[in-house]
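> Sequence first, then the predicted structure:
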Amino acid sequence: MSRTDFLVHAVSDTVGVVVTEDAVSGKELIGWIMETDETVAIRAVEDIPLGHKLALRDIERDETIIKYGHDIGKAVAEIPRGHHAHVHNVKTKRW
C-alpha cells in the first residue's frame, strides 16, 4: 500500500480521520477505506490537524456525519469536500 494520510472505516462514512501528520492546504491526501481495502485521493482545501476529520464529500447543513460507520452528530454548516470537519461545524444531536 502507498502512504496513508487518512483512514475511513466504512464506505458509508462522510468523514475520514487524518492519521499521519497535519494535512496542509493544497496537499493531495491518500485515504485507506478499511471496509473495502481501497484507497481514495482528496485534496485538502484547508489545514487539518492530526486526529481531526476531513470531509470526504460535500456535506449539507443538518446532514448526519458518519465516522467509523456510526452517527457522530450533524453538520451545523455546509462542509465542502476536502475541508476540516470539527467542533466549529459539527455538533452532537443530543443538545
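That came in fine, so what should we check first? Fair warning: this is a prediction, and the values are worked out from it, not measured in the lab.
> where does the chain dip in pLDDT?
1 (pLDDT under 70).
> where along this protein do the helices fall?
Ranges of helices in the chain, per DSSP state H: none exist.
> count of residues packed around residue 41?
Using other CB atoms under 10 Å, the number of residues around residue 41 comes to 10. For the C-beta atoms, the positions are set from N, CA and C on the backbone; glycine is no exception.
> hang on, it packs against residue 27?
No - here residue 41 lies out of contact with residue 27, judged by CB atoms under 8 Å, at a distance of 10.5 Å.
> And residue 61, its phi and psi?
When read as degrees, to the nearest 10, the backbone of residue 61 gives phi -60, psi 140.
> what number of residues lie near it?
Around residue 61 there are 11 residues (other CB under 10 Å).
> residue ranges of the strands in the protein, please?
In the chain, the strands defined using DSSP state E lie at 6-8, 15-18, 28-33, 38-43, 53-55, 64-67, 70-75, 84-85, 90-91.
> Show me the beta-bridge partners of residue 65.
Beta-bridge pairing for residue 65 (DSSP bridges): residue 73.
> need the contact list for it.
14, 15, 53, 59, 71, 72, 73, 74, 75, 85, 90 (CB atoms under 8 Å, 6 or more residues apart in numbering).
> Just name the closest of these to residue 23, please.
residue 53 (10.5 Å; CB to CB).
> what sits against that closest one?
Contact analysis of residue 53 by CB under 8 Å, 6+ apart lists 15, 16, 17, 18, 65, 67, 84, 85, 86, 90.
> so it bridges to which residues?
Using DSSP bridges, the bridge partners assigned to residue 53 are residue 17, residue 85.
> From residue 88, how far off is it?
Distance of residue 53 to residue 88, computed by CB to CB, to the nearest Å: 11 Å.
> Pull the number of nearby residues for the residue lying closest to residue 71 once chain neighbours are set aside.
Leaving aside its chain neighbours, residue 71 sits nearest to residue 64 (5.3 Å; criterion: CB to CB, 6 or more residues apart in numbering). When neighbours are counted by other CB under 10 Å, residue 64 registers 13.
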